[in-house]
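# Turn this into a structure:
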Amino acid sequence: MTVFLFRRLLQAVFVLLLTSVIVFVGVYAIGDPLEILLPSDATVAERAQVARDLNLDAPLPMQYLTFLGSALSGDFGRSFVYNRPALDVIFERLPATLELTFTALILSLLIGLPLGLWAGTRPKTLVDETVMTGSILGFSLPNFWQGMMLVMIFAVWLGWLPSTGRGETGEILGIRTSFATWNGISHLILPAVNLALAQIALVIRLTRTGVQETMPLDFVKFARARGLSEWRILLVHVLKNILIPIVTVLGVEFGSLIAFAVVTETIFAWPGVGKLIIDSINALDRPIIVAYILVIVTMFIVINLVVDLLYSALDPRIRSRA
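Take a look at the predicted model:
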């Protein structure tokens, strides 16, 4: 296990280094932040002064080496727009995004697993066809369209839920969260459901397929011969065997939820890093863009490592090979 962790850490360092080069060159080769930061009537001397202050007058390789040296000490530069350390701005917004994505992930499990189990135990029935049709819609309908429909139905027509913002937050165990107030929960429901719809469809299909492949196996027949109830067989024996592919996919999808919550956060004006990166791209706020992408890549690496460790907990054979 120690060798496995060491190998993965080396891979992580290489991936982060390669990503930093690609992202830095790509971001810094596009556009000129001075055109956005300075008024059109700025003098040449003012432009030169701002360029020196932001280190934009140095050659690109020197800018990258300066960035890399600072990044190794935890400094990703100061935001051009907010005039604050880029990481501080990102970490200020990150809890809102994590709260939204965790809620979406929990919803996908709470809704997708039971529906997948239900459909898997009743193949080619009306229940199975209805659940699978719903999952196809969850995959097929564009995320932005689903979000607009949720706003129109539940916020505009029915007036049950607010459509924008994070709402009031409170503290639970020292952590500020929307779950501490009903106002915060009501603001969280629509964006979390919108973000979870595609994941619910994915969990339904994975669970249904796993159930249908596992139920004919010998260990299930042996469990029936021992007189175990169908629900015990399904929830204890079958579910444990189908969790590995579900954990695999959801681990990767959780990183995707964080990275691609941009659409949902934009529609619902959710103050997370997704909305921040859109605003930063519009303003060519390079330190924020580079820091954001490296933070997301790091989270992907950590999530994949956690998924690998969960493998070993669910299947001892994987632990012995590692």
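
# Tell me the confidence at Ala322?
We have a pLDDT of 50 for Ala322.

# Could you pull up the residues touching Ala192?
100, 103-104, 107 (C-beta atoms under 8 Å, 6 or more residues apart in numbering). Any C-beta I mention is one placed from the backbone N, CA and C, and that applies to glycine too.

# With adjacent residues omitted, what lies nearest to it?
Leaving out its chain neighbours, the residue that sits closest to Ala192 by C-beta to C-beta, 6 or more residues apart in numbering is Thr103, at 4.1 Å.

# Tell me how far Ser186 lies from Leu109.
22 Å (C-beta to C-beta, to the nearest Å).

# For Leu68, list the residues it contacts.
By C-beta under 8 Å, 6+ apart, the residues touching Leu68 are Ser20.

# buried stuff in the helix or strand harbouring it?
Leu68 belongs to helix 60-72 when assigned by DSSP states H and E. Buried residues in helix 60-72, counted by 16 or more other C-beta atoms under 10 Å: 63-64, 67, 71.

# Lowest-scoring secondary structure element of this structure by mean pLDDT?
Lowest on mean pLDDT, DSSP states H and E among the helices and strands of the chain sits helix 316-321, with a mean of 52.

# what are the ranges of the strands in the stretch 1-150 of the chain?
Counting by DSSP state E, counting those that start in this stretch, the stretch 1-150 of the chain has no strands at all.

# Let me fix that, I meant to ask about the stretch 151-300 of the chain.
170-172, 175-177.

# Tell me which of these lies nearest to Gly26.
strand 175-177 (34.3 Å; C-beta to C-beta).

# where in the stretch 51-200 of the chain is pLDDT low?
Scanning the stretch 51-200 of the chain for pLDDT under 70 picks out nothing.

# Can you list the residue ranges for helices in it?
Using DSSP state H, counting those that start in this stretch, the helices found in the stretch 51-200 of the chain span residues 60-72, 86-120, 126-140, 143-150, 182-214.

# Present these as JSON lines; the columns should include distance to Arg224.
JSON lines is the format used below for those (distance: least, C-beta to C-beta, whole Å):
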{"stretch": "helix 60-72", "distance to Arg224": "58"}
{"stretch": "helix 86-120", "distance to Arg224": "16"}
{"stretch": "helix 126-140", "distance to Arg224": "21"}
{"stretch": "helix 143-150", "distance to Arg224": "41"}
{"stretch": "helix 182-214", "distance to Arg224": "13"}
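
# For Ile267, find the nearest of these.
Of the helices of the stretch 51-200 of the chain, nearest to Ile267 by C-beta to C-beta is helix 143-150, at 4.0 Å.

# So for the protein, the centremost residue is which one?
Closest to where the C-alpha atoms of the chain average out (C-alpha atoms, centre = their mean) is Ile258, at 2.0 Å.

# Got the confidence number for that residue?
For Ile258, pLDDT reads 79.

# list the contacts for it?
97-98, 101, 273, 296, 299.

# Looking at the contacts of Ala192, which one is closest to Leu113?
Lowest distance from Leu113 to the contacts of Ala192 (C-beta to C-beta) belongs to Leu107, with 10.9 Å.

# roughly how far apart are the closest one and Phe91?
Where Phe91 is concerned, Leu107 sits at a distance of 25 Å (C-beta to C-beta).

# what does Leu141 give?
Applying C-beta to C-beta to Leu141 and Phe91 gives a distance of 33 Å.

# same question, Phe102
Plainly put, Phe102 is 16 Å away from Phe91 if you go by C-beta to C-beta.
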